[in-house]
Structure formats: C-alpha cells, structure tokens
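>>> sequence first, then the predicted structure:
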Amino acid sequence: MRVFLLRMSEAHDIFETLLKLGISEEDLEEELKQKLLQFHGFITKQGALFLIAKEKGLEVYSRELDPAIYDEAEYNIDYGEFIVDIASIHKDMINIVAVGIISEIFKINKFQRKDGTPGKVASFLLTDSTGTIKVVLWGKKAEILRNEFFKVGKIVQCINGYAKKGLKDRVEIHFSKKSKVILAPQDINKSVINKLKNIKISDKRHNSREINNTSRNPDKIEDLYNMEGFITSISGTIKIVELKEFTKNNREKSFLLKLTLYDETGEIKVKIWGMQAIEILKIIQNGMNVKIFNFLVERNDYLESKEIRFTKKTVIEFL
C-alpha cells in the first residue's frame, strides 16, 4: 500500500484526496457516516476523515503518529476454519475457532447509548492448555452469559471471532454479528477434551494482567482526593464529557478525551491524550462500570482539584 504524507487541516482537502485514491463519493460518504456513528457524536467530520485517511494508508501531518486504530469491520465467515490454540492467536486473525474452558466470567454491563437506546457488553476468560484469552461480546451476544450452563469450568467453543489488540497490546477475541458460542460442543477431538479437563483454572487466570502490588490501591474515588502520583487501580462509572481535536505546534493533529469517573463517594476528572484517546472512545459508552489500572493522579492548579491522567501503561477493563 502506498503511504502519503498529507499536510492539510481542512476536511474538504482530506475528502478530495481520498476520492483521488479511487474511492467513490458514495462509499466515502457512507464510511464517514459510519465513523461518526461509531464515536457517538463525540468526533467532528474532520476528525472522522482524519481517521479514515489513516486507515487508508494516508498519514496526516506526520509519520510519527501512532497508527493504533482498531478495524471494526465485519468479516466473511469461513466455517472450515480449524481450531487454533489460544497461544497462537494474534492480532488481525479472523474467522477464529477456539475451544477452551471458561475460567472467569465478568458481569453483563448495561449502558445507555447517546441516542437513548440501551446497550450491553460482557466478557469472559477462555483457557486452553496453551494460555488464556479474553472474549468480548456486545449486544444480544452478551446474553449467552445468562445461560444456566454457562459456568466457570465448562467447555465452550467460540466460532468466527476475530482478534484485535486491546489496551496494553493484549490480544482479545471479539465477536461480530455472525460469531457464536457453542456450549458443551460435541464434535471435538477426545484428546483436546482430555487436555481441557486436566487444566487447573486457578493456574491460568489473569496471566496477562500486569499490576504493581506495591502501589497504592484506593477503595473509593474520594480516596483519590488526598493522593497523588502513580495509583494501581480504581473502579467507577464513566461519563463522557468531550473529545477535543487540536493541532500541535509541529502541525501534528492530536486529541484530548475528557471523562468523568464517579461512584457513590464522589467524582474525578479523567484526561486521555493523543491516539490513546481515540482507542478509549471506541470501546466505551456512558454509564459503563469500569476498573482503571496503572494511572497518575495529578493536581490541576487552575481548577484546584485532582484529576486522573492516563499513561502508556494504563489499562481499562469492563466490570
């Protein structure tokens, strides 16, 4: 793929350049519409075009910008895909068929979309003899967790998932509309089943989580008001405030995502800079209950209050 360096700031300029690549105006308008919907109104037309341009191999302003934008496309299903070991799953794999034991189940999280419609997301950990991976399900797919047979220790088969990197470069299996979970699959090789039955779940859980146990770990948000510096984790509910787009002195385009994290004891402002802001905005919704790991608490002298700042090591997980 050819890579171009664009030095432009107007949405019209980016739009015209994309058309010159051979994309029809109708297709580009539809892609732009979907991108705006994906970010629930928190991104401008120019910002959406900027992201589309990057996905097409166009670099706006600088070759230094982090290209970590997730591909949310639906994939064509191939039911002939063979079972793969969890350890061999890597970013950009599609039509994944994986078999394993449910090693941990996270609760279904309900939230309200910007248009007022309800949404839900759920996840669980899938373990085989080679490792553990997180499986993420949205919408109606999340309802499988309510099934009476969906329990820790049970064998399941995940069909037609696709792999993408979550925060901190952890590979996860995500479900598309055509993906499905089969409980107690029957057509599995006996040797595979025997290996799964010999797994001790406690030995495989949280293999990918990296937390400094010596760091401070407050229980409630009000505890953060008297703290500063590196913090291990905190839980709360998200409220999206705004996404700001701006151009830095070196003419690079960048972003600032502002959130509020709250619980029954109080609330605190959250700031996420650069392309990490885009990564986060793509996976969160208002009202989500989350746990944030490895972040900084700093004092905002202008507002005379504490705020959370994401670092490169910050991880956010759904509860």
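That came through fine.
>>> name the single longest strand found in this structure.
strand 229-247 (DSSP state E).
>>> with adjacent residues omitted, what lies nearest to residue 47?
Nearest residue to residue 47 in three dimensions, chain neighbours excluded: residue 245, at 4.8 Å (Cβ to Cβ, 6 or more residues apart in numbering). Yep, even glycine has a C-beta here, placed from its N, CA and C like the rest.
>>> ok, the one you found touching residue 45?
No - here residue 245 lies out of contact with residue 45, judged by Cβ atoms under 8 Å, at a distance of 10.5 Å.
>>> coming back round to it: average pLDDT across the longest strand of the chain?
For strand 229-247, the mean pLDDT works out to 88.
>>> show me which residues of it are buried.
Residues of strand 229-247 classed as buried: 231, 232, 233, 234, 235, 236, 237, 238, 240, 243 (neighbour count, 16 or more other Cβ atoms under 10 Å).
>>> can you give me the neighbour number for residue 183?
15 (other Cβ atoms under 10 Å).
>>> if I look at it, how far off is residue 157?
From residue 183 across to residue 157, the span is 8 Å (Cβ to Cβ, to the nearest Å).
>>> ditto for residue 190
Distance, residue 190 to residue 157, using Cβ to Cβ: 15 Å.
>>> who has more neighbours out of those two?
Taking other Cβ under 10 Å, residue 190 and residue 157 do not tie; residue 157 has more neighbours (19 against 7).
>>> and the more buried one, what does it touch?
Residue 157 makes contact with 83, 97, 98, 99, 181, 182, 185, 188 under the criterion Cβ atoms under 8 Å, 6 or more residues apart in numbering.
>>> can you map out the helices along the stretch 151-300 of the chain?
With helices called from DSSP state H, counting those that start in this stretch, the stretch 151-300 of the chain shows them at 190-197, 201-204, 275-281.
>>> now for those, which one comes closest to residue 113?
helix 275-281 (13.4 Å; Cβ to Cβ).
>>> what packs against the helix or strand hosting residue 119?
Assigned by DSSP states H and E, residue 119 belongs to strand 118-128. Counting contacts by 3 or more Cβ pairs under 8 Å, 6 or more residues apart in numbering; DSSP states H and E, strand 118-128 is packed against strand 96-105, strand 109-112, strand 131-138, helix 201-204.
>>> so what touches the third one?
Looking back up the chat, that one is strand 131-138. 85-87, 89, 98, 103, 119-126, 144-145, 158, 161, 166, 170-175, 181, 204-208.
>>> can you rerun that using 7 Å?
By Cβ atoms under 7 Å, 6 or more residues apart in numbering, the surrounding residues in contact with strand 131-138 are 86-87, 89, 103, 121-126, 144, 158, 161, 171-175, 204-205, 207.
>>> following the helix or strand of the chain with the lowest mean pLDDT, which helix or strand shows up next?
One helix or strand of the chain scores below all others by mean pLDDT, DSSP states H and E: strand 4-6, with a mean of 42. Going down the chain from strand 4-6, the next helix or strand is helix 11-20, by DSSP H and E.
>>> what's the angle between the helix or strand just after that following helix and helix 11-20?
Sequence-wise, the next helix or strand downstream of helix 11-20 (DSSP H and E) is helix 25-38. Orientation of helix 25-38 against helix 11-20 (axes from the mean of the first three to the mean of the last three Cα atoms, to 10 degrees) gives an angle of 130 degrees.
>>> residue ranges with poor pLDDT in the stretch 101-250 of the chain?
167-168, 202-217, 249-250 (pLDDT under 70).
>>> give me that answer again for 80
112-114, 166-169, 186-187, 200-217, 228-230, 247-250 (pLDDT under 80).
>>> can you pull out the strands in the stretch 151-300 of the chain?
With DSSP state E, counting those that start in this stretch as the criterion, the stretch 151-300 of the chain has strands at 155-165, 171-183, 229-247, 253-263, 266-273, 289-300.
>>> and of the helices and strands packed on strand 118-128, who's closest to residue 311?
Here strand 131-138 is closest among these (Cβ to Cβ), at 21.3 Å.
>>> still on that earlier bit, mind putting the contacts of residue 157 in JSON lines, neighbour count included?
What follows is those, written out as JSON lines (neighbours: other Cβ atoms under 10 Å):
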{"residue": "83", "neighbour count": "17"}
{"residue": "97", "neighbour count": "17"}
{"residue": "98", "neighbour count": "22"}
{"residue": "99", "neighbour count": "23"}
{"residue": "181", "neighbour count": "21"}
{"residue": "182", "neighbour count": "16"}
{"residue": "185", "neighbour count": "16"}
{"residue": "188", "neighbour count": "15"}
